[in-house]
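# Turn this into a structure:
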Amino acid sequence: MTAKLDPFAAAPELMKNWVRTSIAIASSLDPKLIGLVEIRASQINGCANCLNMHTGTEECAKAGLALALRLGISLAEYAGIHRISQNTVHTQLGRIREKSGCHRLLELIGKLKQIALGYSYRDLSQ
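Alright, predicted model coming up:
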């Protein structure tokens, strides 16, 4: 497998700003429109990982939460962005913790920061 650029490692501040801008924009738009735009942008970019993440499987939802945690986005903020309950977020978090073997949130975040995002989210969903 050929390594890909990990933009979160290459430009962490830029990517944090990008995510925060996306959050601000998303809060003012209809969630269905946002979902359609995300899916279409993934298709245009030819990014299978992004397309999988934006089509809503449980594994992809866990990957999205893991990415948010890696970027320092709070659980409450993540729930607000995706317009889901905090209970749903905590259920997803529990499943990520089970799969990763991490019992504490800080331990999980540390582990997530060690993962190169240029490859696959499968490490978190298996």
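# What ranges does the protein have for its helices?
7-10, 12-26, 31-45, 48-54, 58-70, 75-82, 86-100, 105-114, 122-125 (DSSP state H).
# Residue ranges in this structure under the pLDDT threshold?
Scanning the chain for pLDDT under 70 picks out the ranges 1-5, 48-49, 52-53, 56-59, 116-126.
# before we move on, the earlier item: ok, and which of the helices of the chain has the densest surroundings?
Of all these, helix 58-70 has the most neighbours on average by mean count of other CB atoms under 10 Å, namely a mean of 20. Every residue, glycine included, has its C-beta placed from N, CA and C.
# Counting by contacts, list what that one packs against.
helix 48-54, helix 75-82, helix 86-100, helix 105-114, helix 122-125 (3 or more CB pairs under 8 Å, 6 or more residues apart in numbering; DSSP states H and E).
# could you dump it to PDB, C-alpha only?
Output of helix 58-70 as PDB, limited to C-alpha atoms (Å, rounded to 0.1, in the frame of the first residue of the first chain):
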ATOM      1  CA  GLU A  58     -22.100   2.500  12.100                       C
ATOM      2  CA  GLU A  59     -18.400   1.900  11.400                       C
ATOM      3  CA  CYS A  60     -18.200   5.200   9.600                       C
ATOM      4  CA  ALA A  61     -20.000   7.000  12.400                       C
ATOM      5  CA  LYS A  62     -17.400   5.600  14.800                       C
ATOM      6  CA  ALA A  63     -14.700   6.700  12.400                       C
ATOM      7  CA  GLY A  64     -16.200  10.200  12.300                       C
ATOM      8  CA  LEU A  65     -16.300  10.400  16.100                       C
ATOM      9  CA  ALA A  66     -12.700   9.100  16.300                       C
ATOM     10  CA  LEU A  67     -11.600  11.800  13.900                       C
ATOM     11  CA  ALA A  68     -13.400  14.500  15.900                       C
ATOM     12  CA  LEU A  69     -11.700  13.300  19.100                       C
ATOM     13  CA  ARG A  70      -8.400  13.300  17.400                       C
END
